[in-house]
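Colleague: sequence first, then the predicted structure:
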Amino acid sequence: MNRAPQRPATQRGMALVLSLIFLAIVTLVSLSSMQGSVIQGRMAANQQEYSVALQAAEAALRAGEQALQAGTATGIVKCGSFSESAWKTHASTVNGQSLSSRYRICDLVIVGSRATSDGQEVREVLYRIEAQGAGRSEATSVALESLFAHEQREGS
């Protein structure tokens, strides 16, 4: 009579237990790397959102400076007496998407004055321009400010 070979008693299910432990470790490593990828994706999206808001605020700041330079700035207020109506909206487009931004101009101080050869007084006035830009979502906002010196002739 042929008998079937007997398995050694020390290997009963040990390969299955080791395989399950190895599978659990690989699963944990995979889950942690996936979580890291998700967090990095969120950080990249937040950085892009901030960059868009910064570009919108920069565009509004430059619009305020150009308005002062061209002499077309309206609604200039004294510093400390701000009202919501002092804000001027500026339409800007980033990557084909229109973004909301705004600026306001504050009259700070007269830095100096001089007389020209024709007897007209020229004053150098220092302005503060504040700008706010929003990203694609209104929750992202960037505020910037710049100081701008501009010469004004008497009566302008």
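Modeller: Received the coordinates, thanks. All of these numbers come straight from a predicted model, not from anything done at the bench.
Colleague: three-state assignment of the residue nearest the centre of the chain?
Modeller: By C-alpha atoms, centre = their mean, the mean C-alpha position of the chain lies nearest to residue 50, the distance being 2.5 Å. The three-state assignment at residue 50 reads helix, by DSSP: H, G, I helix; E, B strand; the rest coil.
Colleague: what stretches of this structure score poorly on pLDDT?
Modeller: 1-2, 4-12, 82, 94, 154-156 (pLDDT under 70).
Colleague: now the strands for it?
Modeller: 77-78, 88-94, 97-115, 121-134, 141-153 (DSSP state E).
Colleague: deepest of those, which one?
Modeller: Comparing those by mean neighbour count (mean count of other C-beta atoms under 10 Å), strand 121-134 ranks first with a mean of 19. Every residue, glycine included, has its C-beta placed from N, CA and C.
Colleague: C-alpha coordinates for that one, CSV please?
Modeller: What follows is strand 121-134, C-alpha atoms only, in CSV (Å, rounded to 0.1, in the frame of the first residue of the first chain):
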residue,chain,number,x,y,z
GLU,A,121,4.5,125.9,-9.9
VAL,A,122,5.1,122.2,-10.2
ARG,A,123,4.4,120.0,-7.1
GLU,A,124,5.6,116.5,-6.6
VAL,A,125,2.9,114.5,-4.8
LEU,A,126,3.2,111.1,-3.2
TYR,A,127,0.3,108.7,-3.6
ARG,A,128,-0.4,105.3,-2.2
ILE,A,129,-2.1,102.9,-4.5
GLU,A,130,-3.8,99.8,-3.0
ALA,A,131,-4.9,96.9,-5.1
GLN,A,132,-6.8,93.7,-4.4
GLY,A,133,-7.0,90.8,-6.7
ALA,A,134,-9.1,87.6,-6.5
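Colleague: mind listing the strands that strand pairs with, and their directions?
Modeller: Its sheet considered, strand 121-134 pairs with strand 97-115 (antiparallel), strand 141-153 (antiparallel) by DSSP bridges.
Colleague: contacts only, for the residue nearest to residue 111 when sequence neighbours are not counted.
Modeller: Leaving out its chain neighbours, the residue that sits closest to residue 111 by C-beta to C-beta, 6 or more residues apart in numbering is residue 124, at 4.5 Å. Applying C-beta atoms under 8 Å, 6 or more residues apart in numbering to residue 124 gives the contacts 110-113, 149-152.
Colleague: could you do residue 91 as well?
Modeller: Residues near residue 91 by C-beta under 8 Å, 6+ apart: residue 98.
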